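**Q** what shape does this take:
(chains A and B)
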2 protein chains.
Amino acid sequence: MRGAVLYGPRDLRFEERETPIISKPTDAVVRISATCVCGSDLWPYRGINPITQPTPMGHEYCGIVEEVGSEVRSIRPGQFVIGSFFASDNTCPNCQIGYQSSCQEKQFIGDAQAPLVRVPLADGTLVATPAVPKDALVPSLLALSDVMGTGWFAAHAAAVKPGKTVAVVGDGAVGLLGVLSARQMGAKRILAMSRHEARQKLAREFGATDIVAARGDEGVARIKELTDGIGADSVLECVGTPEAMLQAIRATRAGGSVGYVGVPHGVTLDGQALFYAHVHLHGGPAPVRRFLPELIELVWKGKINPGKVFDLTLPLEQVAEGYRAMDERRAIKTLLRP
Amino acid sequence: MRGAVLYGPRDLRFEERETPIISKPTDAVVRISATCVCGSDLWPYRGINPITQPTPMGHEYCGIVEEVGSEVRSIRPGQFVIGSFFASDNTCPNCQIGYQSSCQEKQFIGDAQAPLVRVPLADGTLVATPAVPKDALVPSLLALSDVMGTGWFAAHAAAVKPGKTVAVVGDGAVGLLGVLSARQMGAKRILAMSRHEARQKLAREFGATDIVAARGDEGVARIKELTDGIGADSVLECVGTPEAMLQAIRATRAGGSVGYVGVPHGVTLDGQALFYAHVHLHGGPAPVRRFLPELIELVWKGKINPGKVFDLTLPLEQVAEGYRAMDERRAIKTLLRP
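**A** The predicted model follows:
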C-alpha cells in the first residue's frame, strides 16, 4: 500500500510502505474510511520538531475493522470504529480514572495517513459506532479521533460550566472545536481569539459570542474589558507557544481555570507569576478514549457537527497538498480519503 | 509601642514604632493576643528576599478589637477577631468566588509582630469568634490567620477527597497542617515527606500514615512505590523551591492534583514536562478569609488543634530569638505574646 512519509522540512511523500498486519493477538487492522492532517503534524513538517529518518505520518483515523487478533474480544471485523492517537489498554489505573493518554501500556499510533492501520490493544482503544455510518457522518466521526476529543478535553480541563464565560486562545481546528465544546457544555459567553475571517465565521457558527482579534497584552486587556475587568472563568489554550500560554493564564480570572492542549514548544512558566495568577492549570495529551462513547452519541444524534472544521477534502494520494494548504493557512484542516 | 523591624539579613530588632491608629473609616485597630513568625518571614530574614529599608514584620494575628472606624458595621470593640495577611473587602468579584487573597482592593498586613495592628477593610477582613476564647485556645485560633488556612488551601487546591492518597512535600508548619487538613478532609493515606524526627512525630500525630525521608528522585520513587507505581492522587507543595515543586509534580499520578502554597523562589516550570505529567496545578496565596468561619468552628469545637505547631512560645520582646530558633530549625514555629 502507499502512505504518507515525512523526509524532512516540507518534504512529505506519498510512497510505498509495508502493509500492516496483525502482529500481536491484541491488535486489529482497520481499513481507513477517512484520515486527516493534524495541527501537530505541522511541527515536524515545518522542521520545528526535527525529523531524523523517513517517518510515516498520521494519527487520526476511523474505518472498518478488517481483521482482529486472536485475543480481541469486543471488536469484530466489519464494524466501523474510531480510536485515539494513543492506543490504551483501558484497564490500568491511569485508564480507569480516565487518563488513557497516560495508559501504562500506551502506544502512539503514527502511521494512519494510509489505507490501512494497525491498532494495538484493540479492545481498549477502539470504540465501534452503533452501525456503519452514512458517508455524510464520516467527517464528524473522524474528528472525534483527535481534534474534537482534544477541544473537548480542553473545555473539561478548563472546567467549563453552564452560564460561565470562556475564552479560547487559538483559531486552529482544536480551538474552533473548543468553542463548540464550550457551547455544548453550556457556556454563556464564548470569546474566540482570532484574526482570520473564515475561522472567525466558523467560530461564530460553533457558538462564539464575541471575537477578539487583538493578541498579547492588548488581547488580554480586551478579554478583561469584556469581563468586567476580572478575566474569563475558563480559558482554553489551543496553540502551544509561550505567547499563547501566557495570554491564556493572564486572561483567566483569579480562581479560574486554564485548559491547555497545544503541545508546548518552548514554553516555560515562571512559578511566582503563576502563583499570583491564582489560576487552575490542567492539560496534556487529551484522553480521547474517555470521551469517545459520549461524543459518538452526540454526533450520531446530530447534536454536534465537528466535521465542519474540514474545509478541504482530498484523495489520500494528494496528502502533500493537504499539508501545504494547512501550512500556508489556506485550509483549517484537510480530510483525506483513501 | 515596640514591634519587630527587619534591618537586613538576620538583623531583626525589637524597637519603637509608631502606634497604629484608625486612619480610614473602614479600619479597625486590634490589640494582639498572640502573633508569630511565618516560614515566609525567613525569606527576607535570610536575605533571599532583599530588604531595602527597615521593614516592620509580621502578618499573623488575632486579638481584641480596640477601636473601629466610623464605617465599620460588622465588627465592634471587645470582640476577639482573626484576620488574614491580606485585608480584603469580601465583596468584589474575586472575593465573591472565594479568592479574597486576590481581592481587587487587597492590602498586605505586614506589621503584626507588635502589640497593636491596624487592619484595613475591617468588615471584609476580620472574623469574630463566638466569644472571647480561653487562653488555651489562642494558639490554635492564631494558626488560622495564615499557617492553618494555608495548609487547608493546599489540601483544597490539591483536591483532597475522602479515601484518597495524599503526599505532602515540606515538613514546616504549613506542611504539617497540610497533613492535618488532609486527614480532616478524609484522606485515607497521607505520606509526609520529612527527615526531621520532631516533625515526623507531629506529622504522625496530625494523621500521617507514612513518613518518607527520601528526597528528589529517590523521594519520588518511594512515593511511587507506596502507590502501586502510579503516584499520589493529591500532592501538597509547601516549600516553594524548584526541587520541592518538581518533586510534587512528579509524585502525582496522571489526572491527580498538586496544590502549591510555598511562595515560589526560583521556580520555573517546563511546559512540555508539565503537559505530559497530566496533573492539575493550583495554588497561590491562600484565600484564608474564605476558610475562617469553617476553621474557627472546627477549633472552637475542639475538632482540630493546629496550635500544636507552635513548639516555642516567647514574649514578643524576644522576637529576634524566635526568628533565630526557626532559622536554625530548632523550632517549627514561634508564638509570640505581647
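
**Q** check contacts around the residue nearest to residue A:186 when sequence neighbours are not counted.
**A** Residue nearest to residue A:186 in three dimensions, not counting chain neighbours: residue A:162, with 3.2 Å by CB to CB, 6 or more residues apart in numbering or on different chains. Bear in mind the C-beta positions are built from the backbone N, C-alpha and C, glycine included. When the contact criterion is CB atoms under 8 Å, 6 or more residues apart in numbering or on different chains, the partners of residue A:162 are A:185, A:186, A:187, A:188.

**Q** buried subset of the residues you listed?
**A** Neighbour-count burial within these applies to A:185, A:187; the criterion is 16 or more other CB atoms under 10 Å in any protein chain shown.

**Q** and the contacts of residue A:162, which is closest to chain B?
**A** Closest to chain B out of the contacts of residue A:162 is residue A:188 (15.4 Å), distances taken as CB to the nearest CB.

**Q** the closest one reaches residue A:182, doesn't it?
**A** No. Residue A:188 is not in contact with residue A:182 according to CB atoms under 8 Å; the separation is 9.7 Å.

**Q** nearest the geometric middle of chain A, what residue?
**A** residue A:147 (2.3 Å; CA atoms, centre = their mean).

**Q** phi first, then psi, for that residue.
**A** Here is the backbone geometry of residue A:147 (degrees, to the nearest 10): phi -60, psi -40.

**Q** now swap in the one 4 residues further on and tell me
**A** For residue A:151, the backbone dihedrals (degrees, to the nearest 10) come out as phi -60, psi -40.

**Q** run a quick neighbour tally on the closest residue to it other than its chain neighbours.
**A** Nearest in space to residue A:151, with sequence neighbours left out and distances taken as CB to CB, 6+ apart, is residue A:177 at 3.2 Å. By the criterion of other CB atoms under 10 Å in any protein chain shown, residue A:177 has 32 neighbours.

**Q** surely residue A:177 is within a strand?
**A** No. Counting by DSSP: H, G, I helix; E, B strand; the rest coil, residue A:177 is located in no strand; its state is helix.

**Q** and it, what does it touch?
**A** Neighbouring residues of residue A:177 by CB under 8 Å, 6+ apart: A:143, A:147, A:148, A:150, A:151, A:152, A:206, A:306, A:309.

**Q** how about a cut-off of 10 Å?
**A** Residues counted as contacts of residue A:177 (CB atoms under 10 Å, 6 or more residues apart in numbering or on different chains) are A:143-144, A:146-152, A:154-155, A:168, A:184, A:202, A:206, A:236, A:238, A:304, A:306, A:308-309, A:333.

**Q** go on, residue A:112?
**A** A:3-4, A:30, A:32, A:35-36, A:38, A:56-63, A:83, A:85, A:118-119, A:145-146, A:336.

**Q** mind listing what's buried in stretch A:48-64?
**A** For stretch A:48-64, burial by neighbour count (16+ other CB under 10 Å) applies to A:55, A:56, A:57, A:58, A:59, A:60, A:61, A:62, A:63.

**Q** rebuild those residues as JSON lines, extending it with secondary structure and distance to residue B:51.
**A** Formatted as JSON lines, those follow (DSSP: H, G, I helix; E, B strand; the rest coil; distance: CB to CB, whole Å):
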{"residue": "A:55", "secondary structure": "strand", "distance to residue B:51": "56"}
{"residue": "A:56", "secondary structure": "strand", "distance to residue B:51": "60"}
{"residue": "A:57", "secondary structure": "coil", "distance to residue B:51": "57"}
{"residue": "A:58", "secondary structure": "coil", "distance to residue B:51": "59"}
{"residue": "A:59", "secondary structure": "coil", "distance to residue B:51": "54"}
{"residue": "A:60", "secondary structure": "coil", "distance to residue B:51": "57"}
{"residue": "A:61", "secondary structure": "strand", "distance to residue B:51": "61"}
{"residue": "A:62", "secondary structure": "strand", "distance to residue B:51": "63"}
{"residue": "A:63", "secondary structure": "strand", "distance to residue B:51": "67"}
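
**Q** and of those, the nearest to chain B?
**A** Checking those against chain B by CB to the nearest CB gives residue A:59 as the nearest, at 16.0 Å.

**Q** pretty sure that closest one sits against residue A:39.
**A** No. Look at residue A:59 against residue A:39 with CB atoms under 10 Å: they stay out of range, at 11.6 Å.

**Q** what about the strands in the stretch 1-150 of chain A?
**A** Secondary structure of the stretch 1-150 of chain A (DSSP state E, counting those that start in this stretch): strands located at A:2-8, A:11-16, A:28-36, A:55-56, A:61-68, A:80-82, A:86-87, A:107-108, A:116-119, A:127-128.

**Q** summarise which helices and strands the first one is packed against.
**A** It stands for strand A:2-8. strand A:11-16, strand A:28-36, helix A:42-45, strand A:55-56, helix A:319-327 (3 or more CB pairs under 10 Å, 6 or more residues apart in numbering or on different chains; DSSP states H and E).

**Q** gap between it and the chain center?
**A** In this view, strand A:2-8 has its centroid 21 Å away from the chain centroid, taken as CA atoms, centre = their mean, to the nearest Å.

**Q** okay, the angle between it and strand A:11-16?
**A** Following axes from the mean of the first three to the mean of the last three CA atoms, to 10 degrees, one obtains 150 degrees for the angle between strand A:2-8 and strand A:11-16.

**Q** and strand A:2-8, which strands flank it?
**A** The strands beside strand A:2-8 in its sheet (DSSP bridges) come out as strand A:11-16 (antiparallel), strand A:55-56 (antiparallel).

**Q** now these as JSON lines including mean pLDDT?
**A** Putting the strands paired with strand A:2-8 into JSON lines (pLDDT from 0 to 100) gives the following:
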{"stretch": "strand A:11-16", "mean pLDDT": "97"}
{"stretch": "strand A:55-56", "mean pLDDT": "97"}
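
**Q** those into TSV, with extra columns for distance to residue B:273?
**A** Output for those, formatted as TSV (distance: least, CB to CB, whole Å):
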stretch	distance to residue B:273
strand A:11-16	29
strand A:55-56	23
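
**Q** now do the same end-to-end measure for stretch A:35-45.
**A** End-to-end span of stretch A:35-45 (CA to CA, to the nearest Å): 17 Å.

**Q** now it, how far from the chain's geometric center?
**A** That offset, for stretch A:35-45, works out to 11 Å (CA atoms, centre = their mean).

**Q** and if you look at stretch A:89-98?
**A** 20 Å.

**Q** residues of the stretch 101-250 of chain A that sit close to chain B?
**A** Applying CB under 10 Å from any CB of the partner chain, we find that the stretch 101-250 of chain A lies next to chain B at A:101-104, A:157, A:159, A:227-231, A:233, A:240-242, A:245.

**Q** sorry, back to before: can I assume the residue nearest to the centre of chain A is in contact with residue A:334?
**A** No. Counting by CB under 10 Å, residue A:147 does not reach residue A:334; the two are 11.6 Å apart.

**Q** relative to residue B:114, which of the strands of the stretch 1-150 of chain A is closest?
**A** Ranking the strands of the stretch 1-150 of chain A by proximity to residue B:114 (CB to CB) places strand A:86-87 first, at 58.2 Å.

**Q** can the closest one be said to contact chain B?
**A** No. Using CB under 10 Å from any CB, strand A:86-87 stays clear of chain B, with a minimum separation of 11.5 Å.

**Q** what sits up against that strand?
**A** With contact meaning CB under 10 Å, 6+ apart, strand A:86-87 is reached by A:26-28, A:59, A:100-103, A:105-109, A:118-122, A:124-126, A:146, A:285-289.
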